[in-house]
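Engineer: Kindly generate the corresponding structure for this input.
(2 chains)
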2 protein chains.
Amino acid sequence: MAERITPRHVDYSRWYLDVIREAELAENAPVRGCMVIRPYGYTLWEAVRDGLDRRFKATGHVNAYFPLFIPMSFLQKEAEHVEGFSPELAIVTIGGGETLEEPLVVRPTSETIIGHTYSRWIRSYRDLPLLINQWANVVRWEMRTRPFLRTLEFLWQEGHTAHATAEEAIEETLRMLDVYADFAINDAAIPVIKGRKSHNEKFAGAVDSYTIEAMMGNGWALQSGTSHYLGENFARAFDIKYLDRDNVLQYCHTTSWGVSTRMVGAIVMVHGDDQGLRLPPVMAPIQAVIVPIWRGDADRAVVEPVAEQVERALLGAGIRAKLDRRDEVTPGFKFNDWEMRGVPVRVEIGPRDVQQGTVVLARRDLPGKEGKQAGISLDGVAAAVNDLLNEIQASLLRQATEHREANTTFGVRSYSEFREILETRGGFIRTHWAGSNEDEARIKEETKATIRCFPLDADEGEGVCFYTGARTRQVAIFARAY
Amino acid sequence: MAERITPRHVDYSRWYLDVIREAELAENAPVRGCMVIRPYGYTLWEAVRDGLDRRFKATGHVNAYFPLFIPMSFLQKEAEHVEGFSPELAIVTIGGGETLEEPLVVRPTSETIIGHTYSRWIRSYRDLPLLINQWANVVRWEMRTRPFLRTLEFLWQEGHTAHATAEEAIEETLRMLDVYADFAINDAAIPVIKGRKSHNEKFAGAVDSYTIEAMMGNGWALQSGTSHYLGENFARAFDIKYLDRDNVLQYCHTTSWGVSTRMVGAIVMVHGDDQGLRLPPVMAPIQAVIVPIWRGDADRAVVEPVAEQVERALLGAGIRAKLDRRDEVTPGFKFNDWEMRGVPVRVEIGPRDVQQGTVVLARRDLPGKEGKQAGISLDGVAAAVNDLLNEIQASLLRQATEHREANTTFGVRSYSEFREILETRGGFIRTHWAGSNEDEARIKEETKATIRCFPLDADEGEGVCFYTGARTRQVAIFARAY
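Structural biologist: Below is the predicted model:
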């Protein structure tokens, strides 16, 4: 098990691929760059989907579905958009045995076809705001792919909203950024930083892009969700107009926002350790695994009914519990197996425990003896597991936050210091920045680090930009990123 | 509203399209044959999805996700399969600006790519049964399309399972047919008939296909879900083998089964009337709409708080309720509007009702005064609405069953009688059948009627085939179908 997982310090990329494989989250499909999401990985995605969908509906959004295929001409209507996406398109040229007159693009994102549709749905201010989300697959012809992080086809949600004013659209953009952060922090236990993207990193066609950025186990950044204020760009390209209260025709202001299967990769890389996955209880497909321990049939006759009783008690308390009944493997094998799969709590029951009317609980987030509690009474097992799940959820968030803080350099004075930190410590560099788009591009070329975001919570006040020497209030977070 | 819906007896096809449009379920997309599923229609699909997904999980299935793109060579491995699907394929020939070496098919169904994957996952009898479902979009290049019933792209679920023996695979095939029937009857209030497909109508590559067939409002049939026993066909094509308990390599027996967005079309056509939709309460996005009635601000001050109180009471009881606050339209307009959208229960509240501490309930499934109950006390409104929803659910199923029975001819003696019934009464003809595949094809050509299924519950005993004159125990249901 663990020996089939490369330690993180040896090769972090291999560690990631090993965990994805051993925990049976996903595998490469026979089509280059595509993946098969295996049941354990898909259940994690279902938890992402359900956690977000609930929040979308609570903030007044409804789901709909728009077509997979987009006429090529639609993409060409927004200049920046087509420029950004055209190198990445998959194109259907044959349908029903005939060459198509107009090739169809397999959607890389749906602003264009949804913009076209909204222009027909929206007539007056009474139709606004229009708050719609779609769960869908999209395709971007990426050259370098990695399961969950970057694949040709991926699953995501894309919200698309239309508003009467810029203020309302910006408010929506930031509201959905908050929704994403709330999900990431409270469900996925990922302490994301909310920020605005730099001009170089924003969505093709957006006025402003916002992001939630997370630090992975190796100190790299992962953009884990984005929310875009599109201004009137798509409204002008697709003629999305409304009659205002004074009967004047106005362009709408639109937004779009998305989170994808990439979030599953974030969960793996933020929480995983050299034993494999560590899953936050809110997301875990299995929250507690019960491992019965016996040698021979006499023991078994004593232990098995109690293990089943514990399973019933946990399931009855709404805990996603599983009794591991396999008899072709040892308890030790099972311990490692479920550790590798990231199950937050293990319940061990042996003959001596049964005699004493107790069980042993082991938590995944603390190693070895530190994470073990013996003598938990059978009567109280559901309550004890429940408490432990809450503790583990908080503990994983705390550990990830501490990891991020420990791997962030706050303020650098010069570009040489900047480069040295990147080469030695890595992690995030959070520092004043007054450079141009060209400066940012040059730094990217020279160091592979990009501006992940201008954090919204920046309270550093004025300072000196390490690159230009200019005084500025603007703070940027630089990092290497997936 | 209703005047914008063509009456069914005038033109049933136009009625269907009118209802889809006016109730805002879907609309044609800019790409030929594709549709945009609008929020109200998508919420219906979510109810289908949730009702089925719950049942799949309760019967031991898990979800996964396989790629949208399938290498052309995969389809060619199962001879019947490729023959059946190749005229309907959408093909990607360009990716990332380059012509692809091997064109990629946009999946029309996933037996091939899943078969390929299963051959790698399955090693021993311990890996069986493998019970996986996928929620996905698929594309079939259809020439004549109709929203929900037949579209180029549609949403569906496809279950794919692998088993050690034929018996177990057939058992699974029939179990999922039961799951479909249970959902259709108890959630969608559609009295489907379970049956086996004729050779001419079975899935390309299956040994046996089973179906749930429903009768639409015009007497036509709609195949509403299918479950296929694939034998060893795909196992041999994709080398899906396992080592049995005696260490002998065996082919697996596989199944597949699917229900699609077509089910939304079935709900429209089974229950709808000349006023529009009638939705079974279990599926309805809005189960009860509250329409306040006032003239002038004095009335409003009295009625509005009570309407809000009723909304809170209904929502609190878990009823999907909505208070219609629009003030730009009259109560009469609202009545028609919500009737057209098929909301099962309307709660009317006017000033006199408030005085008396009561409300009026109107049910969608019974017209006019017959469906109205006055004097429902405010205290008991949630309980009364709840009871009414249960009654309406049962009533819609009863009405649909009566409609089907009234439009089924049980037994015909000759082909001329068969043809006359088809021309005059239409509906289902349930009768003994001993014809060949060629006979069936000839009847289809001459009458457009097909064998919808050999019903599993046939208890007619032996009889005479109307077409061949032979004695047989086999009973078939013939009908025209969508």
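Engineer: going forward, measure contacts between C-alpha atoms and count neighbours the same way
Structural biologist: Noted.
Engineer: For stretch A:328-347, buried residues please.
Structural biologist: Residues of stretch A:328-347 classed as buried by neighbour count (16 or more other Cα atoms under 10 Å in any protein chain shown): A:331, A:334-335, A:337-347.
Engineer: filter the residues you listed by proximity to chain B?
Structural biologist: Checking those against chain B by Cα under 8 Å from any Cα of the partner chain, not one of them is in range.
Engineer: Strands - which of the residues you listed land there?
Structural biologist: Using DSSP state E, the members of the buried residues of stretch A:328-347 that fall in strands are A:345, A:346, A:347.
Engineer: Just put these in TSV and tack on pLDDT.
Structural biologist: Formatted as TSV, those follow (pLDDT from 0 to 100):
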residue	pLDDT
A:345	98
A:346	98
A:347	98
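Engineer: Which single one of those is nearest to residue B:324?
Structural biologist: residue A:345 (47.8 Å; Cα to Cα).
Engineer: For the closest one, name its beta-bridge partners.
Structural biologist: Taking DSSP bridges as the rule, residue A:345 bridges to residue A:288, residue A:363.
Engineer: Check residue A:150 too.
Structural biologist: Residue A:150 forms beta bridges with residue A:146, as assigned by DSSP bridges.
Engineer: what does the stretch 1-150 of chain A have sitting close to chain B?
Structural biologist: Counting by Cα under 8 Å from any Cα, the stretch 1-150 of chain A sits next to chain B at A:29-31, A:34-39, A:41-43, A:62-71, A:86-97, A:132, A:141-142.
Engineer: What subset of those residues is buried?
Structural biologist: A:29-31, A:34-39, A:41-43, A:62-71, A:86, A:88-96, A:132, A:141-142.
Engineer: Okay, and which of these map to helices?
Structural biologist: Those of those mapping onto helices are A:39, A:41, A:42, A:43, per DSSP state H.
Engineer: and residue A:188, how many neighbours?
Structural biologist: Around residue A:188 there are 28 other residues, counting by other Cα atoms under 10 Å in any protein chain shown.
Engineer: what residues are up against it?
Structural biologist: A:267, A:280, A:282, A:283 (Cα atoms under 8 Å, 6 or more residues apart in numbering or on different chains).
Engineer: Equivalent analysis for residue A:258, please.
Structural biologist: So residue A:258 contacts A:156, A:157, A:158, A:159, A:225, A:226, A:227 (Cα under 8 Å, 6+ apart).
Engineer: Next secondary structure after the strand or helix carrying the fifth one?
Structural biologist: So that's residue A:225. Using DSSP states H and E, residue A:225 sits within strand A:221-231. Counting by DSSP H and E, the next helix or strand C-terminal to strand A:221-231 is helix A:233-238.
Engineer: Just give me how far the helix or strand immediately after that next one in the chain sits from the chain centre.
Structural biologist: Next helix or strand after helix A:233-238 toward the C-terminus (DSSP H and E): strand A:241-243. Relative to the centre of its chain, strand A:241-243 is centred 36 Å away, using Cα atoms, centre = their mean, to the nearest Å.
Engineer: Residue A:54 is in what secondary structure piece?
Structural biologist: Judged by DSSP H and E, residue A:54 forms part of helix A:39-58.
Engineer: Now do the helices in chain A.
Structural biologist: Counting by DSSP H, the helices of chain A are A:12-22, A:39-58, A:72-75, A:79-85, A:111-121, A:166-186, A:233-238, A:262-271, A:296-316, A:331-340, A:351-356, A:381-406, A:415-424, A:437-447.
Engineer: Now do the same contact list for the residue lying closest to residue A:191 once chain neighbours are set aside.
Structural biologist: Excluding the flanking residues, the one nearest residue A:191 by Cα to Cα, 6 or more residues apart in numbering or on different chains is residue A:185, at 5.2 Å. Contacts for residue A:185 (Cα under 8 Å, 6+ apart) come out as A:191, A:192, A:397.
Engineer: circling back: please identify the most buried of the helices of chain A.
Structural biologist: Highest mean neighbour count among those (mean count of other Cα atoms under 10 Å in any protein chain shown): helix A:262-271, with a mean of 24.
Engineer: now what about that one, what contacts it?
Structural biologist: Residues contacting helix A:262-271 (Cα under 8 Å, 6+ apart): A:16, A:41, A:44-45, A:48, A:147-150, A:188, A:190, A:214-217, A:222, A:224-225, A:277-279, A:396, A:400.
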